[in-house]
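A.B. asks: test case, fold it:
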Amino acid sequence: RATPRAERPWTLVAGAHRLRGSELAGLKEIDAIVVKADKLEGELVEIEENIFRNELSALDRAIFVRRYRELWEEKHGWDKGGRPSAETSVNFTEVSEDSAQGHFFKRVSERLGLSRSAIEKAQFVGQKLTPELRRTLRGTPIADNQSRLIKLAGMEPERQKKIAVAFA
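C.D. replies: Coordinates of the predicted model:
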């Protein structure tokens with residue numbers, strides 16, 4: 001995407017692996033698609049690309065889905081009721097498809113290839129796991145065990161901190 005006021009006139013939105021491969025191959029030019037996107041939209045596209053990567057753990061996917069949700073809220077806002085509370089922000093089964101939340105689920109399903117249930121579970125894990133526990137679980141078998149992540153995410157933050165310390 002164009003970034004005329006930045007240090008460089010262009011910002012890579014997606015395709016970092018392809019770009020690095022071309023650099024290693026000594027190519028001076030590669031084909032690219034230029035998209036019209038602001039910083040927010042650029043980050044949404046970047047997350048969409050990363051979600052498609054098969055090597056993502058369930059934990060990493062949850063963190064990406066939660067960040068995608070935050071960007072979506074920043075860009076598109078919410079319905080008249082405002083931002084839902086932490087207790088209600090994960091379960092949107094009764095949300096109208098015409099609402100901002102409904103459009104969010106439709107876009108994520110189309111762009112990221114995830115079902116509504118998978119999105120809700122990922123959001124729950126991404127929202128509820130403490131940063132300490134996230135860091136501790138990265139690279140472990142539990143990071144790719146969605147049922148364990150959901151169970152851990154359902155625990156109180158203080159208990160999660162204790163688990164992170166014990167696990168480390």
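A.B. asks: which parts of stretch 117-136 are buried?
C.D. replies: Neighbour-count burial for stretch 117-136 flags 118-130, 132-134, 136 (criterion: 16 or more other Cβ atoms under 10 Å). Every residue, glycine included, has its C-beta placed from N, CA and C.
A.B. asks: what is the rounded mean pLDDT of it?
C.D. replies: Predicted confidence along stretch 117-136 averages 93 (mean pLDDT).
A.B. asks: that stretch: end-to-end distance?
C.D. replies: Separation of the first and last residues of stretch 117-136 by Cα to Cα, to the nearest Å is 26 Å.
A.B. asks: how far is that stretch from where the chain is centred?
C.D. replies: 10 Å (Cα atoms, centre = their mean, to the nearest Å).
A.B. asks: now do stretch 27-43
C.D. replies: For stretch 27-43, the distance to the chain centre is 19 Å (Cα atoms, centre = their mean).
A.B. asks: buried residues in it?
C.D. replies: For stretch 27-43, using 16+ other Cβ under 10 Å, the buried residues are 37, 42-43.
A.B. asks: residue nearest the centroid of this structure?
C.D. replies: Central residue of the chain (Cα atoms, centre = their mean): residue 64, 1.8 Å from the mean position.
A.B. asks: that residue contacts residue 49, correct?
C.D. replies: No: Residue 64 is not in contact with residue 49 according to Cβ atoms under 8 Å; the separation is 10.1 Å.
A.B. asks: in helices only, show me the buried residues of stretch 117-136.
C.D. replies: 118-128, 132-134, 136 (DSSP state H).
A.B. asks: spatially nearest residue to residue 132 (excluding sequence neighbours)?
C.D. replies: In space, not counting the residues next to it along the chain, residue 132 is nearest to residue 164; the distance is 4.2 Å by Cβ to Cβ, 6 or more residues apart in numbering.
A.B. asks: what's the answer for residue 149, then?
C.D. replies: residue 125 is the one closest to residue 149 (Cβ to Cβ, 6+ apart), at 4.7 Å.
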